[in-house]
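sequence plus the predicted model coming up.
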Amino acid sequence: MVKREKNQKGVFALRLCGICSGFSPGYALLLAFLLFYAFICLMPFWYVLVTSLSDPLTVKEGTFKLLPSDFSLQSYKIVFRDQRFFNGLFITILRTIIGSLLGILVQAMAAYALSRKYLKGRSIFRKLLVFTILFNGGIIPNYLVMRNLHLLNTFPVMIFPMVFNPWNIVLLISFFTVMPDAIEESAKLDGANDFVIFYRLAVPLALPAIATIILFIAVRHWNELMDGVIYIHKDALKPMQVYLYELVVRTSMGNMIEPTEQAITSVSIQTAVIFASSFPIIVLYPFLQRYFVKGIMIGAVKG
């Protein structure tokens, strides 16, 4: 028994020596820098959360600290009482789901087609794809196109402009390019067509990249503001970001708060809306994080 305890102590000492031998001043400096950088990145979000949960009078006086003082949910009660918040949240969730699924379908299919060497005019299409990354028509031509297509004040106007993203297609091309030709040839010998090869072989092999691109598309749909401001004028179709923009104006003018609630500052209401609208995407991110990291690392090596 004594000998076993000595062996365990020896193993622990060796492990500790190994950790200490790999520790250096440069490593400590890098670790301190990363912790400081993470602290800076998290502070704005923590400030929003603390402000939304603090007593509005404390926020108004400017005496609250890094921890919620005089815990209060008055700001959230006012926000959840506004039907426009739930309407904007519903539109944003709906456009994020539909836009992400439709976007990844079109972009993955385009990337797979452009990655095949036997595609005629492949080099021309890829050059045109890169050209659209560097140059675009701008706001006025895009507005004229949406107006001529009769898409203004409709839900599809928030979906169609972002279905085709050249940058995401370029990222996906690098994944589909490395798929061995032998796999595709053997599938064709078994009678599989291009659609079967794409869905049964190419997509599973590029799943980390596809999950990464889905996250890019979803975050962009969730945060998009300009299309709702430019193309949408109906209150029933305005997404969450437009609601936040209008909320700043309404709370600054005191139009949203009843006379009995004038003590609640606009900052408290705005921070409550920001946190409530960001919560769904924060919950979703951890489930896709492992695919995101894996996809970026593989893309860096293959690219």
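On my side now, so go ahead.

where does the protein dip in pLDDT?
The chain contains residues with pLDDT under 70 at 1-23, 57, 59-65, 68-69, 251-265, 288-303.

ok, L284 - contacts?
Applying Cβ atoms under 8 Å, 6 or more residues apart in numbering to L284 gives the contacts A218. From N, CA and C alone the C-beta is placed, and that goes for glycine too.

look up how far I214 lies from it.
According to Cβ to Cβ, to the nearest Å, L284 and I214 sit 10 Å apart.

let's check: the centremost residue of this protein is which one?
Taking Cα atoms, centre = their mean, the centroid of the chain lies closest to V219, which sits 2.6 Å from it.

assign that one to helix, strand or coil.
Three-state assignment for V219 (DSSP: H, G, I helix; E, B strand; the rest coil): helix.

residues touching it, list them.
So V219 contacts I281 (Cβ under 8 Å, 6+ apart).

try 10 Å
T96, S100, I281, L284, Y285 (Cβ atoms under 10 Å, 6 or more residues apart in numbering).

got it, and Q83?
D235.

next, it: phi, psi?
Backbone torsions for Q83, taken as degrees, to the nearest 10, come to phi -70, psi -30.

can you check V106 too?
According to degrees, to the nearest 10, the main-chain angles of V106 amount to phi -70, psi -40.

measure the closest residue to it other than its chain neighbours to R95 for me?
Closest residue to V106 apart from its sequence neighbours, by Cβ to Cβ, 6 or more residues apart in numbering: V163 at 5.1 Å. Here the criterion is Cβ to Cβ. By it, V163 lies 12 Å from R95.

so what's in contact with these two at the same time?
P156.

of those two, give the one with the bigger neighbour count.
When neighbours are counted by other Cβ atoms under 10 Å, V163 and R95 differ, and R95 comes out ahead with 24 against 15.

residue contacts, the more buried one?
So R95 contacts 155-156, 158-159, 162, 218, 221-222, 224, 227-228, 237, 239-240 (Cβ under 10 Å, 6+ apart).

can you put the residues you listed in CSV and add secondary structure and distance to R81?
Formatted as CSV, the contacts of R95 follow (DSSP: H, G, I helix; E, B strand; the rest coil; distance: Cβ to Cβ, whole Å):
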residue, secondary structure, distance to R81
F155, helix, 26
P156, helix, 31
M158, helix, 26
I159, coil, 30
M162, helix, 32
A218, helix, 28
H221, helix, 27
W222, helix, 23
E224, coil, 26
D227, helix, 28
G228, helix, 22
L237, helix, 21
P239, coil, 20
M240, helix, 17
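
quick one: which two of those are the most distant?
Within these, A218 and L237 form the most distant pair, 19.4 Å apart (Cβ to Cβ).

so these two - more neighbours on which side?
Per other Cβ under 10 Å, whichever of A218 and L237 has more neighbours is A218, with 22 against 19.

wait, the more buried one sits on T96?
Yes: proximity of A218 to T96 meets the contact threshold set by Cβ atoms under 10 Å, at 5.3 Å.

now do the shared contacts for the two.
Common neighbours of A218 and T96 (criterion: Cβ under 10 Å, 6+ apart): I281, L284.
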